[in-house]
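K.L.:
Predicted model and sequence follow; I will ask about them next.
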Amino acid sequence: MKIADLRQRVGTATAIILGVMLLALTCITVMDVTGRYLLNAPLPGGAELTELLVMAVIFAGLPALSLDDGHVTADLLSHQLGPTGRAVQLFAARACAVVALVLIAKQMWEHGARLTGYGQTTVYLHIPVGPVVQAASVVCAVSAVIVAALAVTRAPQGG
C-alpha cells in the first residue's frame, strides 16, 4: 500500500471517529446546558464527560495528524533550500517530533501509573483516570512510531 493511500484511509477513518466523538460532545453539551438553565437539573457528570471527550478528540486525531506531517512547523528558510536541504529539514523536523512525542508518551504513562496507584477517579462518575491517561500515552507512542517510520523511509511530506 502506498503512503498516499494509507494517509487517505487513515484520514477517512479518523474523520468518522472524530465526527462521532464531536457529535457525542455536542449532545452532552446541549443536554447539560438545557438541563441546567431550563430544568435546573444539569446532566449528571456532564462536565466530566465533556473533559474526557475533549481529551479523546485531541488524542484520537494525533496518529492521522502525524501521518500527514500536520505538526506545527515554521518554514522560515525552506524556500531558500534546495531539494537536499529540504529533505534534511524534513528529516530534522520529524526527528524533533519523534523525540517530543516519546517524551510526552513516557511522562503521560508514568503520570497515569501514579494516578492508578492513588486510585484517582473522576469526582462524580468515578471513572478511573489513570488508564485514560495511559491510553493517551499509547496513542502518543504510536504517533511517534508513525513519524519515525516516515523519517526513516523518507516518505514525501503529506498534508
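P.N.:
Sure, I can see it. Nothing here was measured: the structure is a model prediction, and the numbers come from that model.

K.L.:
what does stretch 117-134 contact?
P.N.:
Contacts with stretch 117-134, where a contact means CB atoms under 8 Å, 6 or more residues apart in numbering, come from 44-45, 47-49, 52, 55, 108-109, 111-116. C-betas here are computed from N, CA, C, even on glycine.

K.L.:
do the same with stretch 61-79
P.N.:
Around stretch 61-79, the neighbours that count as contacts under CB under 8 Å, 6+ apart are 6-7, 10-11, 13-14, 18, 86, 89-90, 93-94, 97, 101, 139-140, 142-144, 146-147, 150, 157-159.

K.L.:
Now do it: distance from first to last residue.
P.N.:
Its start and end residues considered, stretch 61-79 measures 29 Å (CA to CA, to the nearest Å).

K.L.:
any idea of the mean pLDDT for that stretch?
P.N.:
Per-residue pLDDT values across stretch 61-79 average out to 78.

K.L.:
Show me what counts as buried in that stretch.
P.N.:
Buried residues in stretch 61-79, counting neighbours by 16 or more other CB atoms under 10 Å, are found at 61-69, 71.

K.L.:
likewise stretch 46-53?
P.N.:
By 16+ other CB under 10 Å, the buried positions in stretch 46-53 come out as 46-50, 52-53.

K.L.:
Look through the protein and report the residue furthest from the middle.
P.N.:
Distance to the chain centre peaks in the chain at residue 39, reaching 35.3 Å (criterion: CA atoms, centre = their mean).

K.L.:
which of the buried residues of stretch 61-79 sit farthest apart?
P.N.:
61 and 69 (13.9 Å; CB to CB).
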